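Asks: build me a model from this:
(2 chains)
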2 protein chains.
Amino acid sequence: MRFAVIGTGTVGRTLADKLVALGHEVTLGSRNKDNETAVAWAEQAGPNGRHGTFADAAGFGEVVLNATGGTVALEALRAAGAERLAGKLLVDISNPLVFSAEGEVTLDPVNTDSVGERIQREFPEARVVKALNTLTAPLMVDPGRLPGEHNVFVAGNDAGAKAETVALLGEFGWPAESVVDLGDIAGARAMEMMMPFWLRLMRAYGTAEFNYSISRAG
Amino acid sequence: MRFAVIGTGTVGRTLADKLVALGHEVTLGSRNKDNETAVAWAEQAGPNGRHGTFADAAGFGEVVLNATGGTVALEALRAAGAERLAGKLLVDISNPLVFSAEGEVTLDPVNTDSVGERIQREFPEARVVKALNTLTAPLMVDPGRLPGEHNVFVAGNDAGAKAETVALLGEFGWPAESVVDLGDIAGARAMEMMMPFWLRLMRAYGTAEFNYSISRAG
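Replies: Next comes the predicted model:
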């Protein structure tokens, strides 16, 4: 299958590496065609890895993964172009973290809106699913790094798009029963608002290699 | 030991019941001295259960548990009186949920502040610890209702107050190693911002009887 990965940071490259390893074709999209990180990634990725602009990537992919920072996601997707997103599964992995000069981290948007919702509103023909924003990149594509059962979450308005996301997560190693459906795209708000808690846990444990497991009776 | 429980809702009464069952003395505090719920609770609680105003409760308790709604917590604690909170462990269990006419739930404060922080700022002589706001009342005092290990979290500026909270949680059935220290009282922000996620999970599972277990390597 052909994938667009929008964003060349650790999350984007980790996802792109995994997709290529699974035999998929990937274009890693960046703001500028000559982005050094993207060029270097494509060089080592083999014949199934390409690089290009956000628009190149979105035009190439049958599925689009947004791995940009949440505060620049809309701008990147505008550059990708609404017509290249229309009808496609668009998995939004971003968190709208704002870092202050004092080192304080807050979210924008928050509480009454979310990046996931904003993307769905601005690109109504894209089939947006919020997913994978609640854990560190290496775990996204290799859940077996942690013992036992642990969970990922999806939120979106399109049931078919969520089912496609569950299948993609399955390729990454997530059993279908480990994926919890949090409902419509407004659930993105809940998922993005986990980030301050995640950052505190990372500080408490001294590692990002942890994840949530939801315990239930019976 | 003598406890003040501020707030007569399900959380307050569940905590008060458990404390009495553990042999502690409890005054359940409400806005009005003749609050019917508080009177009824004290009647069935036996000799170790009393009721009174917020001020009566805070004057009685060596430890104060804030089980009011987060949007009215400061008002309730003002009525309790700063002088009756000074020097005491004040465990804040509240969540600042705001319910709109359309059924939407948001938080106020959020993102740049929290109820826990506001309480600590307004009552600097109280030793505030945020705890237990991330799970349903029956589980707070009976973690064995769920199988296996699962977690609760504490945040506060006073290490001694957090140690006392861990001891109290131990009486409720939480092994010390299940309690994760999220740092200073600004961690209350992270804990309160879990609430939208918790509400989505409750809807997904059709029950409030679940909790977070943090999975880690090794």
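Asks: how about the residue nearest the centre of chain A: what's its closest non-neighbour residue?
Replies: Residue closest to the mean C-alpha point of chain A, counted by CA atoms, centre = their mean, is residue A:93 at 2.3 Å. Nearest residue to residue A:93, sequence neighbours excluded (CB to CB, 6 or more residues apart in numbering or on different chains): residue A:132, at 4.6 Å. Yep, even glycine has a C-beta here, placed from its N, CA and C like the rest.
Asks: and the one you found, how many neighbours?
Replies: 27 (other CB atoms under 10 Å in any protein chain shown).
Asks: that one: what's it in contact with?
Replies: Residue A:132 is in contact with A:91, A:93, A:140, A:152, A:169, counting by CB atoms under 8 Å, 6 or more residues apart in numbering or on different chains.
Asks: and which of those residues is nearest to chain B?
Replies: Nearest to chain B among the contacts of residue A:132 is residue A:152, at 11.8 Å by CB to the nearest CB.
Asks: surely the closest one and residue A:181 touch.
Replies: No - if you go by CB atoms under 8 Å, residue A:152 and residue A:181 don't touch, sitting 10.6 Å apart.
Asks: look at these two and report which has more neighbours.
Replies: Neighbour tally, residue A:152 and residue A:181, criterion other CB under 10 Å: the higher count belongs to residue A:152, 23 against 18.
Asks: what's the mean pLDDT across the host helix or strand of residue A:50?
Replies: Using DSSP states H and E, residue A:50 sits in strand A:49-53. For strand A:49-53, mean pLDDT is 98.
Asks: hang on, the earlier thing: and the gap between the residue nearest to residue A:93 and chain B?
Replies: 15 Å (CB to the nearest CB, to the nearest Å).
Asks: need phi/psi at the residue nearest to the centre of chain A.
Replies: phi -110, psi 0 (degrees, to the nearest 10).
Asks: okay, the helix or strand following the strand holding residue A:50 in PDB with CA atoms only?
Replies: Next along the chain after strand A:49-53, taking DSSP H and E as the criterion, comes helix A:54-60. Taking C-alpha atoms only, helix A:54-60 is exported to PDB below (Å, rounded to 0.1, in the frame of the first residue of the first chain):
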ATOM      1  CA  PHE A  54       3.800  17.700   1.900                       C
ATOM      2  CA  ALA A  55       1.900  17.900  -1.400                       C
ATOM      3  CA  ASP A  56       4.100  15.200  -3.000                       C
ATOM      4  CA  ALA A  57       3.500  12.900  -0.100                       C
ATOM      5  CA  ALA A  58      -0.200  13.500   0.100                       C
ATOM      6  CA  GLY A  59      -0.600  13.000  -3.600                       C
ATOM      7  CA  PHE A  60       1.300   9.700  -3.400                       C
END
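Asks: counting by contacts, list what helix A:54-60 packs against.
Replies: strand A:2-6, strand A:25-30, strand A:49-53, helix A:73-80, helix A:82-85 (3 or more CB pairs under 8 Å, 6 or more residues apart in numbering or on different chains; DSSP states H and E).
Asks: repeat the analysis, applying 10 Å as the threshold.
Replies: The contact analysis (3 or more CB pairs under 10 Å, 6 or more residues apart in numbering or on different chains; DSSP states H and E) places helix A:54-60 against strand A:2-6, strand A:25-30, strand A:49-53, strand A:63-66, helix A:73-80, helix A:82-85.
Asks: TSV for the ones you listed, including distance to residue A:38 and mean neighbour count?
Replies: Formatted as TSV, the helices and strands packed on helix A:54-60 follow (distance: least, CB to CB, whole Å; neighbours: other CB atoms under 10 Å in any protein chain shown):
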stretch	distance to residue A:38	mean neighbour count
strand A:2-6	10	26
strand A:25-30	4	27
strand A:49-53	4	21
strand A:63-66	14	27
helix A:73-80	13	19
helix A:82-85	17	18
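Asks: can I get the ones you listed in a markdown table including distance to residue B:60?
Replies: As requested, these are exported to a markdown table (distance: least, CB to CB, whole Å):
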| stretch | distance to residue B:60 |
| --- | --- |
| strand A:2-6 | 59 |
| strand A:25-30 | 64 |
| strand A:49-53 | 68 |
| strand A:63-66 | 55 |
| helix A:73-80 | 53 |
| helix A:82-85 | 62 |
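Asks: now pLDDT, distance to residue A:194 and secondary structure too, for the contacts of residue A:132, in CSV please.
Replies: Converted to CSV, the contacts of residue A:132 look like this (pLDDT from 0 to 100; distance: CB to CB, whole Å; DSSP: H, G, I helix; E, B strand; the rest coil):
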residue, pLDDT, distance to residue A:194, secondary structure
A:91, 99, 17, strand
A:93, 98, 13, coil
A:140, 98, 15, helix
A:152, 98, 12, strand
A:169, 98, 17, helix
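Asks: ok, back up a step: shared neighbours, residue A:152 and residue A:181?
Replies: A:165, A:166 (CB atoms under 10 Å, 6 or more residues apart in numbering or on different chains).
Asks: gap between stretch A:189-208 and the chain center?
Replies: On the basis of CA atoms, centre = their mean, to the nearest Å, stretch A:189-208 sits 16 Å off its chain's mean C-alpha point.
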